[in-house]
Every structure is written in structure tokens, then in C-alpha cells.
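Asks: Quick one: sequence plus predicted model below, questions after.
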Amino acid sequence: QVQLVESGGGLVQAGGSLRLSCAASGRTFSNYFMGWFRQAPNKERDFVATVNWSGAATYYADSVKGRFTISRDNAKNTVFLQMNSLKPEDTAVYYCAAGVRSTDQKDYNYWGQGTQVTVSS
């Protein structure tokens, strides 16, 4: 089992920045690819970004490419999502997840409870 707890969400104006954190406990954190997903009101949960075991390889949804950065610190069992140039359409509940290399949420076995990000115009 892997337990994941997100933090860092909040309310920010358009153009601002937030940094989300996801602390992991349980099984060896470095064994897993880590991903961030988000779910806006009345929409399905969508892929945002993923990072490989070492942190050397990342992949992003087109909608966030160039604005968001995913990273991880295996010594601290934590994955981060730095979000810059935020837009109102980034408003969603953000979830971190542990799994395999994939953009499909079905390939992620462990999920956090989510953290709300609200971007005002």
C-alpha cells in the first residue's frame, strides 16, 4: 500500500503560481511513476503530468505544457507540481497518484484525497 497526501492548493489570481506537494508513505516510493491528475466541476478526471522513478523523465498534457513542472524528491518521498501562469480553466481538484508509466488513470493504483485549486479571473 502507498498512502498519498496532497497539499498546497488554494485560491490564486489568474497569472499567479502555486506549488502542490504530495507526500507518500508505505511501500517504496521510488518504485513508482508518479502522476498528477485534475477534475474540474462536472467534468471527468484528466491527466496533467507524470514523472518517472528517478525524476529524469517527465510528460505533460498539452494544456499545461510550458506552465507546469512536475518533480520528485525520493529522499523525502514527495512529488511536486509547480504551476505557473495559472488560468481560470486550471480550476479543479488536483490528485496525485502512484502507478506505472501512463497517462491513463486506470494504470495508477494509489490516489490521494485531492487538493482544490481555484484560479480567479
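Replies: Done, it's in.
Asks: okay, the helix or strand hosting Gln82 in CSV with CA atoms only?
Replies: Assigned by DSSP states H and E, Gln82 belongs to strand 78-83. What follows is strand 78-83, C-alpha atoms only, in CSV (Å, rounded to 0.1, in the frame of the first residue of the first chain):
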residue,chain,number,x,y,z
THR,A,78,7.4,13.7,-2.1
VAL,A,79,6.3,14.7,-5.6
PHE,A,80,5.6,18.3,-6.6
LEU,A,81,3.7,20.2,-9.2
GLN,A,82,4.8,23.7,-9.8
MET,A,83,2.1,25.6,-11.5
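Asks: What angle do strand 78-83 and the helix or strand just after that strand make with each other?
Replies: For strand 78-83, the following helix or strand on the C-terminal side (DSSP H and E) is strand 92-99. Note on geometry: by axes from the mean of the first three to the mean of the last three C-alpha atoms, to 10 degrees, strand 92-99 and strand 78-83 are set 140 degrees apart in direction.
Asks: The residue nearest to the spatial centre of the chain - nearest residue in space that isn't next to it in sequence?
Replies: Taking C-alpha atoms, centre = their mean, the centroid of the chain lies closest to Trp36, which sits 2.6 Å from it. Leaving aside its chain neighbours, Trp36 sits nearest to Val48 (4.3 Å; criterion: C-beta to C-beta, 6 or more residues apart in numbering). (Each C-beta comes from the backbone N, C-alpha and C, glycine too.)
Asks: Going by neighbour count, list what's buried in the helix or strand containing Val119.
Replies: Taking DSSP H and E as the criterion, the element that holds Val119 is strand 115-120. Within strand 115-120, the residues scored as buried using 16 or more other C-beta atoms under 10 Å are 115, 117, 119.
Asks: ok, now stretch 87-103?
Replies: For stretch 87-103, a neighbour-count test (16+ other C-beta under 10 Å) marks 90-99, 103 as buried.
Asks: Closest one to Asp73 out of these, please.
Replies: Cys96 (13.3 Å; C-beta to C-beta).
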